[in-house]
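Engineer: prediction below, plus the sequence it came from.
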Protein chains: 2
Amino acid sequence: MQRLMQMNVQVSEPVYLKDPQGTDLGRRIIEHSVVLIDELGLEKFTFGKLAASLGTAESSIYRYFDNKHRLLIYLIGWYWSWREYKLVFDTANIGDAATKLERGVRSITEPVTDKGSFGYLDLRALYRIAVSESSKAYMTKEVDEEHKEGCFGGFKRLCDRLRDMVLAVSPKHPYPAALASQVVDGSMVQRFFAEHLPSLTDKGAKSRIADNFVHLVFASVNTPKR
Amino acid sequence: MQRLMQMNVQVSEPVYLKDPQGTDLGRRIIEHSVVLIDELGLEKFTFGKLAASLGTAESSIYRYFDNKHRLLIYLIGWYWSWREYKLVFDTANIGDAATKLERGVRSITEPVTDKGSFGYLDLRALYRIAVSESSKAYMTKEVDEEHKEGCFGGFKRLCDRLRDMVLAVSPKHPYPAALASQVVDGSMVQRFFAEHLPSLTDKGAKSRIADNFVHLVFASVNTPKR
DNA sequence: GTCGTGATGATAGCATTACTATCTATTTAG
DNA sequence: CTAAATAGATAGTAATGCTATCATCACGAC
């Protein structure tokens, strides 16, 4: 399955200048940037430090990405694509719409615990980056233009799949797309709160996030418009 | 009511070096930073530009705030305090717990449209900043220390109030705090999506955000634990 | 009045960041 | 064997994020 994913998970929109998947240096840039951003946080991460960690020159990195914001978009896009692929996998061959929806919500909201790295990529580090930094990919003044470029396509595709699962259970749901994006984004935020601001959540919250979202989605889906 | 709020809305935790409310320059720093951050976005906003806009020196601003991140925490904290105050006001003297909860959810999720500025502060600009930048106040590597300092107390107090309203309606709700923080944070995110990534939301989403959250909260509150 | 204190303004300086440009060495494909 | 692509090395620039110092000016206490 890992091999299969590796073939299918990729960022389609050219947020890069040169495809990092295509060269050895490119792949090392991705690999090391995930480790470094996870370690330092996005603010203190710089191309200079990345170059030092790679033993190469800063200018070589600029041949692949315009700046660190584009690199972040690339990494987050990769993450959402991976989640989408996993979602499709986890919900394949399920006939019953409600069962499919529940499995889908769990697939999306469960944390990444795979010990093994994914190819050259440290998946758990990427997950931590997604939790802490993903909102910075779109919460900018450039969001409208970048959206037009298709930079956030991975996120949208994932949300659309979940929305369709909601609609399969409840075709007249009043706001299926909003519910879907709430679950996808909210599950990340709740992870962050449970980890760093636990006083904002409930006892044992960390281990119950997926359950809570399943409850929430089915409550919403089974409650008629007032 | 404005006057009353002005007296009560204030940031209690000292995220500042010197209280900006106490001096003329301090108030002008707050006033102008709101306008500038709204205009430029947090990334392109600098103390240098703020100083230029104020006609003062950069060093004068550093006497009030350590850096722009602390200034952001201050502004966002101020915003949450204002929201809390408004929530208390909007839900005062309501006996029925369900009615109170509905009013509370609406109070929190409704956008700021007050035309008039609030004292010297442009409330609508501050609201736009809260929508676009509030997550950057806590999504950092320093979150744990800053949380200990009490930097996010305003957010917590607001969430706690909503949580208590949920519990008043449904004392056995399985995750009242998570639901509350989902509503408070989620309403900001949904505003952003409706404005900038409308393809993630539903038709007419912008004008229905408050309704959607009311539906969601009552669906959750009225659905027993499975 | 004047003395001291606190608030401000002006200038300078420094390390880091975010790039851009250029030149050379190496590999690789035709 | 030559041309193109790739990478590494070096240099340089403007802006950023500070820190430090010194002069000025208003003020209330005495």
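Structural biologist: Sure, I can see it. Numbers count the residues shown, from 1 in each chain, chains lettered A, B, ... in the order given.
Engineer: the residue in chain A that DNA strand C sits nearest to: what's it in contact with?
Structural biologist: Distances between chain A and DNA strand C by CB to the nearest atom of the strand are smallest at A:Asn67, namely 2.9 Å. Bear in mind the C-beta positions are built from the backbone N, C-alpha and C, glycine included. Taking CB atoms under 8 Å, 6 or more residues apart in numbering or on different chains as the contact definition, A:Asn67 lies against A:Phe47.
Engineer: show me what the helix or strand containing A:Ala178 is packed up against.
Structural biologist: Per DSSP states H and E, A:Ala178 falls inside helix A:176-196. Other elements packing on helix A:176-196 under the criterion 3 or more CB pairs under 8 Å, 6 or more residues apart in numbering or on different chains; DSSP states H and E are helix A:97-109, helix A:123-138, helix A:153-169, helix A:209-222, helix B:123-138, helix B:143-149, helix B:176-196, helix B:209-222.
Engineer: how about those, which one is nearest B:Glu84?
Structural biologist: The minimum distance between B:Glu84 and the helices and strands packed on helix A:176-196 falls on helix B:176-196, with 10.2 Å, by CB to CB.
Engineer: quick check: mean pLDDT of the closest one?
Structural biologist: Averaged across helix B:176-196, the pLDDT comes to 98.
Engineer: check the offset of that helix from the chain's centre.
Structural biologist: Relative to the centre of its chain, helix B:176-196 is centred 11 Å away, using CA atoms, centre = their mean, to the nearest Å.
Engineer: who's in contact with the closest residue to A:Arg161 other than its chain neighbours?
Structural biologist: Nearest non-adjacent residue to A:Arg161, counting by CB to CB, 6 or more residues apart in numbering or on different chains: A:Leu87, 5.9 Å away. Shown in contact with A:Leu87 (CB under 8 Å, 6+ apart): A:Gly104, A:Ser107, A:Ile108, A:Leu158, A:Arg161, A:Leu162.
Engineer: could you rerun that using 10 Å?
Structural biologist: Each residue near A:Leu87 by CB atoms under 10 Å, 6 or more residues apart in numbering or on different chains is listed here: A:Arg103, A:Gly104, A:Val105, A:Arg106, A:Ser107, A:Ile108, A:Arg157, A:Leu158, A:Arg161, A:Leu162, A:Met165, A:Val184.
Engineer: just those now: which is nearest chain B?
Structural biologist: Taking CB to the nearest CB as the measure, chain B lies nearest A:Val184 of those, at 9.1 Å.
Engineer: and for the closest one, the neighbour number?
Structural biologist: 25 (other CB atoms under 10 Å in any protein chain shown).
Engineer: double-check it against A:Val166; I have them as touching.
Structural biologist: No. With contact defined as CB atoms under 10 Å, A:Val184 and A:Val166 do not form a contacting pair (11.9 Å).
Engineer: shared neighbours, the two?
Structural biologist: Common neighbours of A:Val184 and A:Val166, counting by CB under 10 Å, 6+ apart, are A:Val105.
Engineer: what does chain A put close to DNA strand D?
Structural biologist: By the rule CB under 7 Å from any atom of the strand, the part of chain A lying against DNA strand D is A:18, A:22-26, A:55-60, A:63.
Engineer: can you list the residues you listed in a markdown table and add secondary structure and distance to A:Tyr175?
Structural biologist: Converted to a markdown table, these look like this (DSSP: H, G, I helix; E, B strand; the rest coil; distance: CB to CB, whole Å):
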| residue | secondary structure | distance to A:Tyr175 |
| --- | --- | --- |
| A:Lys18 | coil | 41 |
| A:Gly22 | helix | 41 |
| A:Thr23 | coil | 44 |
| A:Asp24 | helix | 47 |
| A:Leu25 | helix | 45 |
| A:Gly26 | helix | 41 |
| A:Gly55 | coil | 51 |
| A:Thr56 | coil | 48 |
| A:Ala57 | coil | 50 |
| A:Glu58 | helix | 46 |
| A:Ser59 | helix | 48 |
| A:Ser60 | helix | 47 |
| A:Arg63 | coil | 44 |
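Engineer: can you pick the most crowded of the residues you listed?
Structural biologist: Busiest of the residues of chain A next to DNA strand D [other CB under 10 Å] is A:Gly26, holding 19 neighbours.
Engineer: name the nearest residue to that one, sequence neighbours excluded.
Structural biologist: Setting aside the residues directly before and after it, A:Gly26 is nearest to A:Pro20 in space (CB to CB, 6+ apart), at 3.1 Å.
Engineer: list the contacts for the one you found?
Structural biologist: So A:Pro20 contacts A:11, A:26-31, A:33, A:61, A:63-65, A:71, A:74 (CB under 10 Å, 6+ apart).
Engineer: can you check the pLDDT for it?
Structural biologist: A:Pro20 is assigned a predicted lDDT (pLDDT) of 94.
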